[in-house]
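S.K.: With the input below, show me the fold.
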Amino acid sequence: MKYTPILILKSQIYLTAYSKVENKENFLPLFELFDLKFLDKIKEMPKIYLNILDMSGGNTMEYLYELFIEAKKIQNNFIPVIDDTYNFDNKKIVFSYFKKMITEFDKIAIKINGLDPLIIPDNIENMLFLIDDMSKITFILDIEQTFNKTENEMFKLFKNSIDYIHETISNDIKNFVISGSLIETSSKNHISIEEAEECFLIQNKLLSVYYKLKDYYPDLELIYSDYTIDEKHKFKDDDINVRQFYPSIKYTKKDGNICIYKSNKINNFDKYKELCKLIVKNPDFIPNHCDGCETIQECSINRKGSPSSWKTKMITHHITTINEI
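M.R.: Now for the predicted structure:
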């Protein structure tokens with residue numbers, strides 16, 4: 001399976017988590033850049049998708065193009081992502097700078113945020129007719145909150161989107177990234193170990209839908225993608241100075257489902273040791289699997305960690321685990 005984890009370049013958490021992942025050549029991450037001060041952080045990375053969402057200089061195609069050219073001076077091995085949140089109203093500007101874009105870069109990705117309903121800005125559709133070789137284009141279809149939808153609902157949304165793109169733009173578009181966020185950031189709906197004496201299991205419905213789409217479209221190049229253990233737009237636990245928290249560890253199982261080990265004892269750091277003791281009993285657990293698992297093994301003996309450090313470790317574990325499926 002080909003995998004594209006989506007990581008947010010607006011705090012050190014995501015960079016640290018990514019740096020601890022081994023075998024980076026086996027997957028193609030998508031970095032969403034919300035703060036230009038992190039631009040120089042991509043210079044030592046292998047090939048990536050790069051989505052620039054820092055709109056401090058405007059949100060036009062002209063501004064986006066100029067940022068990608070600056071990024072290319074730092075790292076010339078990325079695929080630029082044109083995000084549908086940019087301003088595509090001025091047809092002349094859109095077409096002019098898209099022509100420059102397809103000259104500068106071998107491949108380009110188009111990211112559509114939200115498929116319910118599917119809305120593709122008209123000038124995105126129109127500018128794609130400027131391309132002779134559709135193998136240069138990848139559509140990233142982001143369904144957002146998969147935990148609020150059934151598998152049938154998701155399959156229908158992805159299928160309708162792919163079919164619409166083929167019908168209105170070109171049947172030659174073969175590259176699609178199937179994307180979404182897996183977990184609700186808030187822990188209020190997660191049952192604690194004090195209540196159930198076990199983890200709260202989140203089914204990875206997005207992964208199941210991905211496999212169904214692979215069977216349905218055998219001639220397409222489909223890539224699975226997620227926001228790891230984060231919820232899109234709601235990165236509430238980025239703040240390392242969390243004043244109140246429930247000890248929680250989001251542990252991805254080897255089948256792609258996610259176990260949430262949570263205590264209802266607010267601000268109790270000692271509970272992390274208890275959570276880790278439960279995780280090491282999991283048949284999936286391998287102590288030296290990754291940096292996250294090594295920390296879990298150590299914490300099961302000696303209490304260790306904080307909300308931000310556990311988030312970092314479990315992003316590393318999630319990417320490593322999904323990349324092995």
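S.K.: Wait, residue 296 touches residue 276, no?
M.R.: Yes. Judged on C-beta atoms under 8 Å, residue 296 makes contact with residue 276 at a distance of 4.9 Å. Where you see a C-beta, it was placed from the backbone N, CA and C, and this is true even at glycine.
S.K.: Give the residues shared as contacts by those two.
M.R.: residue 249 (C-beta atoms under 8 Å, 6 or more residues apart in numbering).
S.K.: Which of these two has more residues huddled nearby?
M.R.: Regarding residue 296 and residue 276, a neighbour count based on other C-beta atoms under 10 Å identifies residue 296 as having more, with 30 against 26.
S.K.: in which helix or strand would I find that one?
M.R.: Assigned by DSSP states H and E, residue 296 belongs to helix 291-299.
S.K.: List the buried residues for the helix or strand following that helix?
M.R.: On the C-terminal side of helix 291-299, the nearest following helix or strand under DSSP H and E is helix 307-323. By neighbour count on 16 or more other C-beta atoms under 10 Å, the buried set for helix 307-323 is 307-308, 310-323.
S.K.: who does helix 307-323 touch, helix- and strand-wise?
M.R.: Contacts defined by 3 or more C-beta pairs under 8 Å, 6 or more residues apart in numbering; DSSP states H and E place helix 307-323 against strand 3-9, helix 12-19, strand 248-252, helix 291-299.
S.K.: I'd like these as JSON lines, with distance to residue 82 appended.
M.R.: Output for those, formatted as JSON lines (distance: least, C-beta to C-beta, whole Å):
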{"stretch": "strand 3-9", "distance to residue 82": "16"}
{"stretch": "helix 12-19", "distance to residue 82": "22"}
{"stretch": "strand 248-252", "distance to residue 82": "30"}
{"stretch": "helix 291-299", "distance to residue 82": "33"}
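S.K.: TSV for the ones you listed, including mean pLDDT?
M.R.: Output for the helices and strands packed on helix 307-323, formatted as TSV (pLDDT from 0 to 100):
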stretch	mean pLDDT
strand 3-9	94
helix 12-19	92
strand 248-252	95
helix 291-299	96
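S.K.: With respect to burial, which of these scores highest?
M.R.: A comparison of the helices and strands packed on helix 307-323 by mean neighbour count, using mean count of other C-beta atoms under 10 Å, puts strand 248-252 on top with a mean of 26.
S.K.: what comes into contact with that strand?
M.R.: 183, 187, 190, 199, 229, 258-263, 272, 275-276, 279, 282, 296, 307, 310-311, 314, 317-318, 321-322.
S.K.: Repeat that for stretch 261-278.
M.R.: The contact list for stretch 261-278, computed with C-beta under 8 Å, 6+ apart, reads 187, 190-195, 198-200, 244-251, 279, 296-297, 299-306, 310.
S.K.: Narrow those residues to just the buried residues.
M.R.: 187, 190-193, 199-200, 245-251, 279, 296-297, 299-300, 304-305, 310.
S.K.: Show me the contact partners of the helix holding residue 296.
M.R.: Identification of contacts with helix 291-299 by C-beta under 8 Å, 6+ apart yields 20, 249, 251, 272-273, 276, 279-280, 285-288, 304-305, 313-314, 316-317, 320.
S.K.: if we can go back for a sec, quick one, which of the helices and strands packed on helix 307-323 is nearest to residue 110?
M.R.: Ranking these by proximity to residue 110 (C-beta to C-beta) places strand 3-9 first, at 14.1 Å.
S.K.: Could you list the residues in contact with the closest one?
M.R.: 14-15, 17-18, 27-35, 38, 41-42, 49, 140, 177, 179, 223-228, 230, 232, 235, 315, 318-319, 322-323, 325.
S.K.: make it 6 Å
M.R.: 14, 18, 27-33, 38, 177, 223-225, 227-228, 319, 322-323 (C-beta atoms under 6 Å, 6 or more residues apart in numbering).
S.K.: distance of residue 84 from residue 135?
M.R.: 21 Å (C-beta to C-beta, to the nearest Å).
S.K.: Please read the previous query as pertaining to residue 122.
M.R.: Using C-beta to C-beta, we find residue 122 at a distance of 24 Å from residue 135.
S.K.: and if you look at residue 110?
M.R.: Going from residue 110 to residue 135 by C-beta to C-beta gives 14 Å.
S.K.: What is the burial count for residue 20?
M.R.: Residues near residue 20, counting by other C-beta under 10 Å, number 19.
S.K.: Touching, it and residue 316? I think so.
M.R.: Yes. If you go by C-beta atoms under 6 Å, residue 20 and residue 316 touch, sitting 4.4 Å apart.
S.K.: now the end-to-end length of stretch 112-122.
M.R.: End-to-end distance of stretch 112-122 (C-alpha to C-alpha, to the nearest Å): 13 Å.
S.K.: mean confidence for that stretch?
M.R.: Average pLDDT, stretch 112-122: 91.
S.K.: So what touches that stretch?
M.R.: 84, 88, 141, 142, 143, 144, 157, 161.
S.K.: Repeat that for stretch 149-167.
M.R.: 115, 116, 118, 141, 143, 173, 205, 208, 209, 212, 213.
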